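# Mind folding the following:
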Amino acid sequence: MSEFDFSHNYLYFWDIFEKANLFLENVIATAGQPFDDRLITEYFRSPTDDGGIWSSYFNIAPKYGVTPQEVMPETAHSNNTRELIQLINERLRGGGYHLRESFAGRVSQQDLYKEKT
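Just a heads-up that it's a prediction; the model follows:
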């Protein structure tokens, strides 16, 4: 094995997945706070972002592993992630609003965790 290039796309997928999950977890944990709370506003302003950081890699690689570039190569979306992130954030905001509305309708936080999955 003289050359090995791991798939950045693979790690990027799991990075976004984990960030999306964190957003939904934060929405559920703060479901009882007013929507105009500064923390809630910040969560909904940017549910996930495009930047990867070392700690993300440090946690993601051991959890999901790495794979060769040839197994999960770059795609049009992985090379231009702005639109992808916009779409994901739109869906996350919608899901976050739904979870908050469910909590306001007297659904327990425990049930919200079930709904999230």
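# Please tell me how far residue 87 sits from residue 66.
Noted for residue 87: a distance of 26 Å to residue 66, by C-beta to C-beta, to the nearest Å. In this view, the C-beta of every residue, glycine as well, is placed from N, C-alpha and C.
# Looking at those two, which has the bigger crowd around it?
Taking other C-beta atoms under 10 Å, residue 87 and residue 66 do not tie; residue 66 has more neighbours (16 against 11).
# and the gap between the residue lying closest to residue 96 once chain neighbours are set aside and residue 68?
Of all residues not flanking residue 96 in the chain, residue 27 sits nearest, at 4.3 Å (C-beta to C-beta, 6 or more residues apart in numbering). Counting by C-beta to C-beta, the gap from residue 27 to residue 68 is 36 Å.
# Tell me which of those two has more neighbours.
Ranked by neighbour count (other C-beta under 10 Å), residue 27 and residue 68 place residue 27 first, with 24 against 13.
# my read is the more buried one is in a strand, agree?
No. Judged by DSSP: H, G, I helix; E, B strand; the rest coil, residue 27 forms no part of a strand; its state is helix.
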